[in-house]
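Peer 1: Sequence and predicted model, in that order:
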Amino acid sequence: AQKITQTQPGMFVQEKEAVTLDCTYDTSDPSYGLFWYKQPSSGEMIFLIYQGSYDQQNATEGRYSLNFQKARKSANLVISASQLGDSAMYFCAMRESETSGSRLTFGEGTQLTVNP
Amino acid sequence: DSGVTQTPKHLITATGQRVTLRCSPRSGDLSVYWYQQSLDQGLQFLIQYYNGEERAKGNILERFSAQQFPDLHSELNLSSLELGDSALYFCASSVRSWTSASSYNEQFFGPGTRLTVL
């Protein structure tokens, strides 16, 4: 079964508008972490934001925020005031119990295009 | 620039050959992770080393092997290459970071090595 599901292969947004990229996950581990990474066309993976399963507040980093709904097992990324440079592939990832290392399991990604 | 270096950037080789990918983690980072990104499989975890010891193993083929050396650099060896091994191979290293309620390993990815098997 898919552990990380990103149901939006592609998303389009107008510059300066907000956009939400969806991510749902599946785990029975009470301790886990959720990550979002950005991969521009140049190929590098850029860490954006992290949410721990025990964190009470939703994570925020600048224009990025994570809408964490634990009961629904969703961890959606919200990008506010989109910029042309936000056009990229976005990956949601999960780290389960650290007793088995800190491997990340990635979703299939969402290609975001910001239109001027 | 994440501080993680990978060489070479591009590698073109033939089926049946053997290649070695090299990774230098950020200064002071003890953990190294290898990931493979392909069109078929997406991004998947291969293996993790911590201070020279294997820490976790993912979907790594028996034809692939890795090691981490005393200076903490790591090498991923791919042998008997097949067309399906063509992919972008990432190395990452991690540092401990904290939120208000938890800590986690923030992974910094290198630029990747793009392997093409012809």
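Peer 2: Received, thanks.
Peer 1: okay, now residue 62: neighbour count?
Peer 2: Reading this off chain A. Look at residue A:62: counted by other Cβ atoms under 10 Å in any protein chain shown, it has 10 neighbours. C-betas here are computed from N, CA, C, even on glycine.
Peer 1: switch to chain B, that's the one I care about
Peer 2: 7.
Peer 1: Show the contacting residues for it.
Peer 2: Residues counted as contacts of residue B:62 (Cβ atoms under 8 Å, 6 or more residues apart in numbering or on different chains): none.
Peer 1: So it, which state does it fall into?
Peer 2: coil (DSSP: H, G, I helix; E, B strand; the rest coil).
Peer 1: Provide the backbone phi and psi angles at it.
Peer 2: phi -70, psi -20 (degrees, to the nearest 10).
Peer 1: Please report the confidence value the model assigns to it.
Peer 2: What the model reports for residue B:62 is a pLDDT of 95.
Peer 1: how near is it to residue A:72?
Peer 2: 39 Å (Cβ to Cβ, to the nearest Å).
Peer 1: Please enumerate the strands of chain A.
Peer 2: A:4-5, A:10-14, A:19-21, A:24-25, A:33-39, A:46-52, A:60-61, A:64-69, A:74-79, A:88-95, A:105-106, A:110-115 (DSSP state E).
Peer 1: for whichever residue of chain B sits closest to chain A, helix, strand, or coil?
Peer 2: Chain B approaches chain A most closely through residue B:56 (2.7 Å), counting by Cβ to the nearest Cβ. Of the three states, residue B:56 takes strand under three-state DSSP.
Peer 1: Looks like it contacts residue A:103 (just checking).
Peer 2: Yes. Using Cβ atoms under 8 Å, residue B:56 is in contact with residue A:103, at 5.2 Å.
Peer 1: Quickly list what's touching both of these two.
Peer 2: Contacts common to residue B:56 and residue A:103, judged by Cβ under 8 Å, 6+ apart, are B:45, B:48.
Peer 1: Between the two, which has more neighbouring residues?
Peer 2: Each of residue B:56 and residue A:103 has its neighbours counted (other Cβ under 10 Å); residue A:103 has more, 23 against 18.
Peer 1: Residue A:38: how many residues sit nearby?
Peer 2: Neighbours around residue A:38, by other Cβ under 10 Å: 21.
Peer 1: any idea how far it lies from chain B?
Peer 2: 11 Å (Cβ to the nearest Cβ, to the nearest Å).
Peer 1: returning to that earlier point: could the strands of chain A go into a markdown table alongside distance to residue B:70 and mean pLDDT?
Peer 2: Shown next, in a markdown table, are the strands of chain A (distance: least, Cβ to Cβ, whole Å; pLDDT from 0 to 100):
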| stretch | distance to residue B:70 | mean pLDDT |
| --- | --- | --- |
| strand A:4-5 | 35 | 96 |
| strand A:10-14 | 46 | 97 |
| strand A:19-21 | 41 | 98 |
| strand A:24-25 | 37 | 96 |
| strand A:33-39 | 30 | 96 |
| strand A:46-52 | 28 | 94 |
| strand A:60-61 | 35 | 93 |
| strand A:64-69 | 38 | 97 |
| strand A:74-79 | 38 | 98 |
| strand A:88-95 | 27 | 96 |
| strand A:105-106 | 30 | 94 |
| strand A:110-115 | 41 | 97 |
